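K.L.:
sequence and predicted model, in that order:
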Amino acid sequence: MYPRLVTAAIAIVGSTLVGDSSAHRSPALPQEAAQAVFSARSELVVLHVMVKDKSGSYVTGLPSEAFTVLEDGQQQTIQFFGLQDEPVTVGLLIDGSGSMLPVRDRVIAAVGAFAESSNQDDEIFALTFNENVQAVLPANAPFTGDARTLRTALSDAFVARGRTGLHDAIEAGLEYAGKGHRQGKVLVVVSDGGDNASTATFDEVLRLTQISNTVIYTIALTDPLERDARPKRLRKIAEASGGEAFRPRSVAQVEDVLRHIARDIRNTYTIGYVPTNSVRDSRLRRIRVLVNTPNRRDLRVRARQGYLPEEP
């Protein structure tokens, strides 16, 4: 179960990775239960909503009444609303395969800059992945908000060798994020989009993304000579989650991209609703978020455009 079904607490996930086998090793995950948020069993759809004006500036301070959520054309009742800059659980998934060796130090520095730009109360974790997925932080302290701690731990864990198990890493990241205590869940994936080592398939990971409430940002670092790179797959995963895909021209731009993502996260509204359609099937539910303001400004709204109900 991934972090969308609420049963006495938000964001409880199962302890077994989908597609787990001896072919790859999942990271040690935090064991503590998430804090109770809702006492009744219900299915909560969580939306991360970005609102900007036509000049690209964040539109802040909007009340819940300014938002209208439609699912398959039917208006939904907003039952949870969070303003910007509320703490989130955020995971950084860093490709640690051999192709990343030339950019290793730049990526580690950029991750530190991301942590420095984030809310000081965020729960941050990191996973590195090659043919295996490895948690960067220890099991007894699985999250941190300290940039130095994160940089040091990543430096120790990031060896840049082996093959690439991107799909398994995203599965593990979704599960790890679900162990966090924050309402908002975010993953940031740094990779070229290629995969030559996972048990999970791309279609399986895309489906898990559509089930999960976690928003995913992707950063594609591609080498023109690398035939296994799949940046379009990273974009598809990001868009399915309501996140954004980036493709910097060089590794030198990764720090700026991560700082940009940190600002986006801090300027995102969180909206939760229980769907009026209680039928659980495999059909994609279409979502549209409308924003109305008194001065009728021309606004640009970014949120996930649909989700898959989790089958019982």
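P.N.:
In hand now; what should we look at? Numbering: from 1, shown residues only.
K.L.:
what ranges do the strands span in the stretch 151-300 of the chain?
P.N.:
Applying DSSP state E, counting those that start in this stretch to the stretch 151-300 of the chain gives strands spanning 184-191, 215-220, 245-246, 268-273, 285-291, 299-302.
K.L.:
out of the ones you listed, which gets nearest to residue 237?
P.N.:
Of all the strands of the stretch 151-300 of the chain, strand 215-220 sits nearest to residue 237, with 5.7 Å by Cβ to Cβ. Just so you know, the C-beta spots here come from the backbone N, C-alpha and C atoms, and that holds for glycine as well.
K.L.:
name every strand pairing with that closest one and say which way it goes.
P.N.:
Strand pairing for strand 215-220, determined by DSSP bridges: strand 184-191 (parallel), strand 245-246 (parallel).
K.L.:
low-confidence ranges, the stretch 151-300 of the chain, go.
P.N.:
224-227, 296 (pLDDT under 70).
K.L.:
let me see the domain layout of the protein.
P.N.:
Following automatic domain parsing, one finds the domains of the chain at 5-37+87-266, 47-84+268-307.
K.L.:
and the ones you listed as JSON lines, adding mean neighbour count?
P.N.:
Formatted as JSON lines, these follow (neighbours: other Cβ atoms under 10 Å):
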{"stretch": "domain 5-37+87-266", "mean neighbour count": "20"}
{"stretch": "domain 47-84+268-307", "mean neighbour count": "15"}
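K.L.:
how far does stretch 272-291 stretch from one end to the other?
P.N.:
Using Cα to Cα, to the nearest Å, one end of stretch 272-291 lies 15 Å from the other.
K.L.:
could we number from 19 for the rest of this?
P.N.:
Okay, residue one is now 19; in that scheme the one you just asked about reads as stretch 290-309.
K.L.:
which residues are contacting that stretch?
P.N.:
Contacts to stretch 290-309, defined as Cβ atoms under 8 Å, 6 or more residues apart in numbering, come from residues 60-65, 67, 69, 77, 80, 84-92, 94-99, 201, 228, 289, 317, 319, 321-330.
K.L.:
for the chain, which segments count as helices?
P.N.:
Remark: helices assigned in the chain by DSSP state H are 122-135, 165-175, 184-196, 220-229, 249-259, 272-284.
K.L.:
what's the angle between the third one and strand 233-238?
P.N.:
In other words, helix 184-196. For helix 184-196 against strand 233-238, the angle by axes from the mean of the first three to the mean of the last three Cα atoms, to 10 degrees is 140 degrees.
K.L.:
which helices and strands does helix 184-196 pack with?
P.N.:
strand 106-113, strand 141-147, strand 151-153, strand 202-209, helix 220-229 (3 or more Cβ pairs under 8 Å, 6 or more residues apart in numbering; DSSP states H and E).
K.L.:
gap between it and the chain center?
P.N.:
Relative to its parent chain, helix 184-196 has a centroid offset of 9 Å by Cα atoms, centre = their mean, to the nearest Å.
K.L.:
then the fifth one?
P.N.:
In this view, helix 249-259 has its centroid 11 Å away from the chain centroid, taken as Cα atoms, centre = their mean.
K.L.:
ok so, going back, quick one: closest of the strands of the stretch 169-318 of the chain to residue 135.
P.N.:
Ranking these by distance to residue 135, with Cβ to Cβ as the measure, places strand 202-209 first at 12.0 Å.
K.L.:
quick one: the closest one to helix 122-135, angle?
P.N.:
For strand 202-209 against helix 122-135, the angle by the same axes, to 10 degrees is 160 degrees.
K.L.:
which residue is the nearest non-sequential neighbour of residue 124?
P.N.:
Take residue 124 and drop its neighbours on the chain: the residue closest to it by Cβ to Cβ, 6 or more residues apart in numbering is residue 269, 4.6 Å away.
K.L.:
and the gap between the one you found and residue 261?
P.N.:
Distance, residue 269 to residue 261, by Cβ to Cβ, to the nearest Å: 21 Å.
K.L.:
go on, residue 203?
P.N.:
11 Å.
K.L.:
anything in contact with each of those two?
P.N.:
Counting by Cβ under 8 Å, 6+ apart, the common neighbours of residue 203 and residue 261 are residue 233.
K.L.:
list the residues that contact residue 70.
P.N.:
Counting by Cβ under 8 Å, 6+ apart, residue 70 touches 76, 77, 317, 318, 320.
K.L.:
next up, the contacts around residue 286.
P.N.:
Residues in contact with residue 286 (Cβ under 8 Å, 6+ apart) are 66, 67, 68, 102, 202, 233.
K.L.:
wouldn't the fourth one be in contact with residue 285 here?
P.N.:
Okay, so that is residue 102. Yes - if you go by Cβ atoms under 8 Å, residue 102 and residue 285 touch, sitting 4.8 Å apart.
K.L.:
common neighbours of those two, please.
P.N.:
Between them, residue 102 and residue 285 have 76, 78 as joint contacts when contacts are counted by Cβ under 8 Å, 6+ apart.
K.L.:
re earlier: need the strands paired with strand 233-238 in a markdown table with distance to residue 218, can you?
P.N.:
As requested, the strands paired with strand 233-238 are exported to a markdown table (distance: least, Cβ to Cβ, whole Å):
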| stretch | distance to residue 218 |
| --- | --- |
| strand 202-209 | 14 |
| strand 263-264 | 20 |
